[in-house]
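Peer 1: how would this look folded up:
(2 chains)
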Amino acid sequence: MTRTFRFALLASTLLGGAASAQDVTLTIESWRNDDLTIWQDTLIPAFEAQNPGIKVVFAPTAPAEYNAALNSKLAAGSAGDLITCRPFDASLELYNQGHLTDLSGLAAMANFSPVAKSAWQTDDGSATFCVPMASVIHGFIYNADAFAELGLSVPTTRDEFFAVLDAIKADGTYIPMAMGTNDQWEAATMGYNNIGPNYWKGEEGRLALIAGEQSLTDPQWVAPFEELARWKDYLGDGFEAQTYPDSQNLFTLGRAAIYPAGSWEISGFNAQAGFKMGAFPPPVAAAGDTCYISDHTDIAIGLNAKSPNAEAATKFLEWVGSAEFATLYANALPGFFSLNSTPVEMQDPLAQEFVSWRGKCQPTIRSTYQILSRGTPNLENETWNASANVIRGSETPADAAKRLQDGLASWYAPQQ
Amino acid sequence: MASRKPFRWHIGVFLAPAVLVYTAIMIIPLFGTLNLSLYNLEGQNRIFVGLANFATLFGDPRWSDAFWNALWNNCWFFLVHMAIQNPIGILLAALLSSPRLRMAAFYRTAIFIPTILSFVIVGFVWKLILSPIWGIAPGMLDAVGLKSLFAPWLGREEYALTTLALISVWQFVGIPMMLIYAALLSIPDDVIEAAEMDGLTGLSQFWKIKLPLILPSIGIISILTFVGNFNAFDLIYVSQGALAGPDFSTDILGTFLYRTFFGFQLQLGDPHMGATIATAMFAIILVGVCLYLFGIQTRLRRYQF
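Peer 2: Model (predicted):
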């Protein structure tokens, strides 16, 4: 009896295997478990309809566990065919260990600009190992109703920006700007790396810093700290203990007028805020200056070097690099912008506003992410601390810049 | 003729499970950590470096500044507990053991409850209470006209660590209270009666009779506080994050170890330097405990009833 049952089980397994063997199943490893429904309902059906015979399974892990889980799966040879790539060193390490395939030859790579690809390339740019999916753009989101009520117009220059902040402060109905220093990272990400590119001229300054031609104590790198130091007067009472969710809530409850933002806030804010919102890019020094924005490459997808289904997976990656995927993805997740060079039609007005800056401003990525955060002390983490200190006024901009430069020079040869 | 005692196998058999489990999950990892601190990466290979990691930790100004800052913060954290938590614990125990106190069981339970709460809950709740935006602390101070005393305590370098230490005191005051309470209850009634016969009552009875009798318990509590505080991590991590802001003013050895060992954000983890810090922590706690055991514990007079 038991034996018959076992045979039955075995037979059904074999037959079941045979039935599905005609189809190739691709598994995607990802940390975006928030996006599970979007993949299952929108993206995968669209791909499968065009590619009969290929099945795709989206298998996400919790974000905090992703890197560790992925590393052990890759080491054990049990990882999926397609690997969602973190930007810069985490993925570069996987490529150097031979876990990711060089995708430079993919036709779809032509659809991406050098900046878009820089997060998933070797340092010399010779090999690109992930297809860029999306980036996040920094800027300021404002309460349009509050601006209308106070008769303010959207600032384009720094002087106008501070004039607007002064006007909101003088009126007193709204907190001029919603940001706190408790969690530190907002000060660096939405502060320093948001307004900074206008000073260090985006890619020009970022690459010069990596090459060792500029240093963090140069005026264009200290000036963003000087501007941050001025923000202090416009933040809410007790901003020193204000956390990131506090700031989000202050803004969406309509108590603050301006929110230094990343575009990933869009879907959350759309759901929470009961007022009209608008967005403006970091203000420039004088009207007519070239503007620079942080268009930070955040997510990409690569091919597991040991995948048995490389051919099907390559087909999928070509599709990820296509304009069609870009449109589907960007509309499903407003705020995560396609890195594809083909302009994408988006429905969300706030997302449209953010992405429109790509047309008039020069994009760059966060200055601390590529190469410069490889050593100890870690420049990105130090920048969090320095930016928060400068805003709180416990460290002068010059001191903070000097400390960052000394830390960087202690391990990074081009800066020595 | 002296007959040889038969070897008592059952002792080994009964000890074996505990010894094996303890060795597997405590002793081997401990020595693994100590061992790891003597190695470092050279390119892709792990090589033996002797005490070079300790030379970096204490010699490189970046590492040593962070280490001494964390150690000093840790000492302050411990001092606040010793100066506030334990005296309050003793006071509460003395009050609870008073026979005239009504609803003693209720107070005992209420004061002990925070101890069984998760750090995550305690950190989150206190962060909300003290929040300058939504918190009830500013409102309560305002109600008694003391609004000017309010500050965003957790966000200020000069107050943040003390505030967190006091939150921890609030959470754990139940433990010394319970231990002292048990010690007070175990004092025999005839000792108390004899004291009363000699005219010793009230406060002087506490100072002259009860306190000397509970000194060994106070010693144990001190050592538990010491070990607990120097291994502390959770509360700081939950309320201030791994960067222990503002400006590392709440960084203690536990958070320093976590950041180094596991890495943080773009900082990749460094198991070797992490193990070095863990070894230093182990040494500090070992020295502290030994000082207590050999310096104080052996000199404490014990009373047998």
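Peer 1: Burial check on the residue in the stretch 1-150 of chain B that chain A sits nearest to, number of neighbours?
Peer 2: Closest to chain A within the stretch 1-150 of chain B is B:Pro132: 2.4 Å, counting by C-beta to the nearest C-beta. C-beta coordinates here come from the backbone N, C-alpha and C atoms, glycine included. By other C-beta atoms under 10 Å in any protein chain shown, the residues close to B:Pro132 number 22.
Peer 1: Tell me who's in contact with it.
Peer 2: By C-beta atoms under 8 Å, 6 or more residues apart in numbering or on different chains, the contact set of B:Pro132 is A:Gly236, A:Asp237, A:Gly238, A:Phe239, A:Ala241, A:Gln242, B:Pro138, B:Phe150, B:Pro152, B:Gly155.
Peer 1: Could you dump those into TSV with secondary structure, neighbour count and pLDDT added?
Peer 2: Listed next are the contacts of B:Pro132 as TSV, based on DSSP: H, G, I helix; E, B strand; the rest coil; neighbours: other C-beta atoms under 10 Å in any protein chain shown; pLDDT from 0 to 100:
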residue	secondary structure	neighbour count	pLDDT
A:Gly236	coil	21	90
A:Asp237	coil	13	88
A:Gly238	coil	23	89
A:Phe239	helix	26	93
A:Ala241	helix	28	91
A:Gln242	coil	27	92
B:Pro138	helix	21	88
B:Phe150	coil	18	88
B:Pro152	coil	27	89
B:Gly155	helix	26	90
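Peer 1: Need the pLDDT of residue 124.
Peer 2: This is for chain A. Here the pLDDT value assigned to A:Asp124 is 86.
Peer 1: looking at chain B here, not the other one
Peer 2: Listed pLDDT for B:Phe124 reads 90.
Peer 1: For the host helix or strand of it, which outside residues touch it?
Peer 2: In the assignment (DSSP states H and E), B:Phe124 maps to helix B:119-130. Under the contact criterion C-beta under 8 Å, 6+ apart, helix B:119-130 has outside partners A:241, A:243, B:114, B:134-137, B:152-154, B:163, B:167, B:170-171, B:234-235, B:238-239.
Peer 1: One more pass at 10 Å, please.
Peer 2: Outside of helix B:119-130, the residues within contact range by C-beta atoms under 10 Å, 6 or more residues apart in numbering or on different chains are A:182, A:238, A:241, A:243, A:246, B:114-115, B:117-118, B:134-138, B:140, B:150-155, B:163-164, B:166-168, B:170-172, B:232-240.
Peer 1: Quick one: buried ones out of those?
Peer 2: Buried by 16 or more other C-beta atoms under 10 Å in any protein chain shown: A:182, A:238, A:241, A:243, A:246, B:114, B:135, B:137-138, B:150-155, B:163-164, B:166-168, B:170-172, B:232-240, out of the contacts of helix B:119-130.
Peer 1: gap between B:Gly202 and B:Ala195?
Peer 2: Relative to B:Ala195, B:Gly202 is positioned 11 Å away (C-beta to C-beta, to the nearest Å).
Peer 1: Please disregard the earlier target; I meant A:Pro349.
Peer 2: 82 Å.
Peer 1: Same check on B:Ala165?
Peer 2: Distance of B:Ala165 to B:Ala195, given as C-beta to C-beta: 37 Å.
Peer 1: Which one's more surrounded, these two?
Peer 2: Set B:Ala165 next to B:Ala195 and count neighbours by other C-beta under 10 Å: B:Ala165 wins out with 25 against 17.
Peer 1: Any part of the helix or strand containing the more buried one near chain A?
Peer 2: Using DSSP H and E, B:Ala165 sits in helix B:157-172. Yes: Helix B:157-172 is in contact with chain A by C-beta under 10 Å from any C-beta of the partner chain, via B:Glu157, B:Glu158, B:Tyr159, B:Ala160, B:Thr163.
Peer 1: list the contacts for the second one?
Peer 2: B:Glu158 sits next to A:Ser394, B:Ala151, B:Pro246, B:Ser249 when contact means C-beta under 10 Å, 6+ apart.
Peer 1: Between helix B:119-130 and the strand or helix carrying B:Leu141, find me the angle.
Peer 2: Using DSSP H and E, B:Leu141 maps to helix B:136-143. Between helix B:136-143 and helix B:119-130, the angle comes out at 30 degrees (axes from the mean of the first three to the mean of the last three C-alpha atoms, to 10 degrees).
Peer 1: what domains does the record give for chain A?
Peer 2: Domain assignment for chain A by automatic domain parsing gives A:2-133+A:298-345, A:137-295+A:366-415.
Peer 1: Just to check, A:Gly262 is in contact with A:His138?
Peer 2: Yes: counting by C-beta atoms under 10 Å, A:His138 is a contact partner of A:Gly262 at 5.4 Å.
Peer 1: between these two, which one's more packed in?
Peer 2: Taking neighbours as other C-beta under 10 Å, A:Gly262 and A:His138 compare with A:His138 leading, 25 against 21.
Peer 1: check which helix or strand covers the more buried one.
Peer 2: Per DSSP H and E: strand A:130-143 holds A:His138.
Peer 1: Specify the beta-bridge partners of A:Val131.
Peer 2: Counting by DSSP bridges, A:Val131 is bridged to A:Ile301.
Peer 1: before we move on, back to that, from the chain's centre, how far out does the strand holding A:His138 sit?
Peer 2: 6 Å (C-alpha atoms, centre = their mean, to the nearest Å).
Peer 1: Quick check: next helix or strand after it?
Peer 2: Toward the C-terminus, strand A:130-143 is succeeded by helix A:144-149 as the next helix or strand (DSSP H and E).
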